[in-house]
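J.: A predicted structure for the sequence below; I have some questions about it.
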Amino acid sequence: MSESNRIEYQRELDNRLEQAAVSFLNQAGGGELIIGADDNGKELGLVDAEAVKQQIVERLGKNIEPRALGLFDVAVERAEGKDIIRVLICGGRERPYYVRSFGLSERGCFTRTNGVTAPMSKQMIAELLAIRQPVSLQSVLSPRRQLSFKQLGVYYAEKDMDLNGQFFEGLDLRQSGGEFNLAAYLLADKNSVSIKVTVYAGADKAVLLESREYGNGCLLTAAQRLLDRLDSENRTFAQQTPGQRLEKERVDSLALREALVNALVHNDYTKGAPSIEIFADKIAITSCGGLTEGLTKADFFRCRSMPRNRELMRVFRDLEFTEQPGSGLSRILKAYGPSLFQIKPGYITVTFPFEQAFILPDDKINEEPVALDKINDKINDKINDKINDKINDKIKTTLTLMRKDPQVTIPELSRLTGKSPSTISREIKFCKERGILRREGARKNGSWVVEKI
């Protein structure tokens, strides 16, 4: 792929990093910077790519204004036997972005023109300043002055992540004057933000069965509880036939998870909170705010990312609730297509239709299909056989690496296997639940024990 307004190649890390990043931040939908490749995209490779990655993260975090943390993702990738670095950069809402050392000037502000990073003119800078979106989680004052963050601290401790003693500043939880902002309020132990889950008896809202609220505390905790609730609603149908066992979920579980996380991360909390409606034939997830200003429907369905709340995006990515920008939407579109989405100026609704239970032949009409948790022991044995097959096929490499190096970390496993950290975490959970893997000792200094492969 040749260079364009969406992609730029650099042979090595040099002083053009910030300029390229600013140019992508200043256009709707952002772009990608590939380091370790020539102008035609041919992989040249990098020496000590992990060290280069760390330099990139530090420079983009310190050298660009307004703050870009949460708007970029940096990953080391293996291509043609060589390490390259992919920097995925979202379009920002607080344009114009600029290189901090040069300020809001033609030397500091850049754009993409005909596939090239080019300085902005004074007129372009003035035009962007005139339409800059001033309202963000960073700029809105927290409704409460006194906040605590014990839950958030636990989440970061569980991931062995060190914010170098700059917890509030590192996560952009304070305004310039030191007051807590709206991002801090959403992530605090106590707040007044709740996400309503409403359950109806039929395919419409005629008969209400349940209305329950999740939240009033750290948004991450609310997210986990909502994911658990949706998982319980997403029944798996199973039917044993003479030749094979048939299984299917009501809703694709990965797509459903991504839709919920996207709703929480990209919601406009100045207008309200997301909501979930569960009907007899569908699940609908609604977020407030519509598309981010500057992002078109065409860009949206091309999975171009322009986060409304970069502060939440940063935290949810740190803690592996979500992966690269745009990846969640890509999963939904791959499973269902764009017809699920209703996009209006004030909101976005994603509606997942339920799959139906298996239809049985007339001579077996009384044999109802059942959920997985109610099948008999014989079928459970067959499930376990399939689980073992899954381990052998998909998880064997991860377990082999853990047996070889019991102190190996999740980021190292991700790099060695090419899988995302969240995928590795799911595999570890999967194996622990089945007695295949266990952890001995403390989280930081312990080791993995592989019982079998």
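T.: Received the coordinates, thanks. Numbers count the residues shown, from 1 in each chain.
J.: I figured D38 hits G45, correct?
T.: No: if you go by C-beta atoms under 8 Å, D38 and G45 don't touch, sitting 11.0 Å apart. To be clear about C-beta, it is placed using only N, CA and C from the backbone, and glycine gets the same treatment.
J.: now the helices for the stretch 301-450 of the chain?
T.: 310-318, 327-336, 377-390, 396-404, 410-417, 421-433 (DSSP state H, counting those that start in this stretch).
J.: just send these back as JSON lines, with mean pLDDT too.
T.: Below are the helices of the stretch 301-450 of the chain laid out as JSON lines (pLDDT from 0 to 100):
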{"stretch": "helix 310-318", "mean pLDDT": "90"}
{"stretch": "helix 327-336", "mean pLDDT": "87"}
{"stretch": "helix 377-390", "mean pLDDT": "50"}
{"stretch": "helix 396-404", "mean pLDDT": "83"}
{"stretch": "helix 410-417", "mean pLDDT": "78"}
{"stretch": "helix 421-433", "mean pLDDT": "81"}
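J.: buried deepest among these, which one?
T.: helix 310-318 (a mean of 22; mean count of other C-beta atoms under 10 Å).
J.: closest to R95 out of the helices of the stretch 301-450 of the chain?
T.: Among the helices of the stretch 301-450 of the chain, helix 310-318 comes nearest to R95, with 12.7 Å by C-beta to C-beta.
J.: circling back: which one of D38 and G45 has more residues nearby?
T.: Taking other C-beta atoms under 10 Å, D38 and G45 do not tie; G45 has more neighbours (15 against 12).
J.: so that one is in which element?
T.: Under the criterion DSSP states H and E, no helix or strand holds G45.
J.: identify the residues contacting the residue nearest to the spatial centre of the chain.
T.: Against the mean C-alpha coordinate of the chain, by C-alpha atoms, centre = their mean, the closest residue is T322 at 2.0 Å. Taking C-beta atoms under 8 Å, 6 or more residues apart in numbering, we find T322 in contact with E258, V261, N262, V265, M313, F316, G328.
J.: ok so, going back, turn the helices of the stretch 301-450 of the chain into TSV, columns for distance to A157.
T.: As requested, those are arranged in TSV below (distance: least, C-beta to C-beta, whole Å):
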stretch	distance to A157
helix 310-318	12
helix 327-336	26
helix 377-390	31
helix 396-404	22
helix 410-417	15
helix 421-433	15
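J.: between these, which gets nearest to E355?
T.: For E355, the closest of the helices of the stretch 301-450 of the chain is helix 327-336, at 11.4 Å, according to C-beta to C-beta.
J.: how far away from the center of its chain is the closest one?
T.: Put simply, helix 327-336 sits 12 Å off its chain's centre (C-alpha atoms, centre = their mean, to the nearest Å).
J.: next one: stretch 328-344
T.: For stretch 328-344, the distance to the chain centre is 15 Å (C-alpha atoms, centre = their mean).
J.: so what's the residue count around L226?
T.: Neighbour tally, L226, other C-beta under 10 Å: 22.
J.: quick one: the strands in the stretch 51-200 of the chain, in order.
T.: Along the stretch 51-200 of the chain, the stretches classed as strands by DSSP state E, counting those that start in this stretch are 64-65, 72-79, 82-89, 98-99, 110-113, 116-119, 194-200.
J.: out of those, which gets the lowest mean score?
T.: Of all those, strand 72-79 carries the lowest average pLDDT, namely a mean of 88.
J.: list the buried residues in that one.
T.: Buried residues in strand 72-79, counting neighbours by 16 or more other C-beta atoms under 10 Å, are found at F72, D73, V74, A75, V76.
J.: low-confidence regions, the stretch 1-150 of the chain specifically.
T.: The model of the stretch 1-150 of the chain has pLDDT under 70 over residues 133-135.
J.: show the contacting residues for the closest residue in space to G153 that isn't next to it in sequence.
T.: Nearest residue to G153 in three dimensions, chain neighbours excluded: F167, at 7.4 Å (C-beta to C-beta, 6 or more residues apart in numbering). Contacts for F167 (C-beta under 8 Å, 6+ apart) come out as F149, G153, L173.
J.: do the same with V154
T.: So V154 contacts nothing (C-beta under 8 Å, 6+ apart).
J.: let the chain start at 57 from now.
T.: Done: numbering now begins at 57, and the last item shifts to V210.
J.: which one of the helices of the stretch 357-506 of the chain lies closest to I63?
T.: Of these, nearest to I63 by C-beta to C-beta is helix 383-392, at 16.9 Å.
J.: ok, and what's touching the closest one?
T.: Contacts of helix 383-392 (C-beta under 8 Å, 6+ apart): 308, 310-311, 314-315, 317-318, 356-357, 359, 378, 396, 406, 408.
J.: could I get the CA-only coordinates of that helix as PDB?
T.: The C-alpha trace of helix 383-392 is given here as PDB (Å, rounded to 0.1, in the frame of the first residue of the first chain):
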ATOM      1  CA  SER A 383     -11.500  -2.900  16.000                       C
ATOM      2  CA  GLY A 384     -14.800  -3.300  17.900                       C
ATOM      3  CA  LEU A 385     -16.900  -1.700  15.200                       C
ATOM      4  CA  SER A 386     -15.100  -3.900  12.600                       C
ATOM      5  CA  ARG A 387     -16.200  -7.100  14.600                       C
ATOM      6  CA  ILE A 388     -19.800  -5.900  14.600                       C
ATOM      7  CA  LEU A 389     -19.900  -5.100  10.900                       C
ATOM      8  CA  LYS A 390     -18.200  -8.400  10.100                       C
ATOM      9  CA  ALA A 391     -20.800 -10.400  12.000                       C
ATOM     10  CA  TYR A 392     -23.900  -8.400  11.100                       C
END
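J.: got the angle for that helix vs strand 128-135?
T.: Between the axes of helix 383-392 and strand 128-135, defined by axes from the mean of the first three to the mean of the last three C-alpha atoms, to 10 degrees, the angle is 60 degrees.
J.: just want the angle from helix 383-392 to helix 477-489.
T.: Using the same axes, to 10 degrees: helix 383-392 against helix 477-489 is 70 degrees.
J.: okay, the angle between helix 383-392 and strand 138-145?
T.: Using the same axes, to 10 degrees: helix 383-392 against strand 138-145 is 90 degrees.
J.: about what we covered before: which of the contacts of F223 fall within helices?
T.: Secondary structure from DSSP state H places G209 of the contacts of F223 in helices.
J.: for the contacts of F223, which single residue is the most surrounded?
T.: That'd be L229 among those, by other C-beta under 10 Å, with 25 neighbours.
J.: contacts only, for that one.
T.: F205, F223, F236, N237, A239, A240, L243, E367.
J.: which of those sits closest to V143?
T.: Closest to V143, out of all of the contacts of L229 and judged by C-beta to C-beta, is E367, at 19.7 Å.
J.: quick one, what contacts the closest one?
T.: E367 touches L125, G126, S192, L193, Q194, L227, D228, L229, A239, counting by C-beta under 8 Å, 6+ apart.
J.: what's the answer for L368, then?
T.: G126, L193, A239, L242, L243, L275, L320, V321.
J.: the fifth one touches L275, doesn't it?
T.: Yes: using C-beta under 8 Å as the test, L243 is close enough to L275 to be in contact (5.8 Å).
J.: nothing else from me, thank you.
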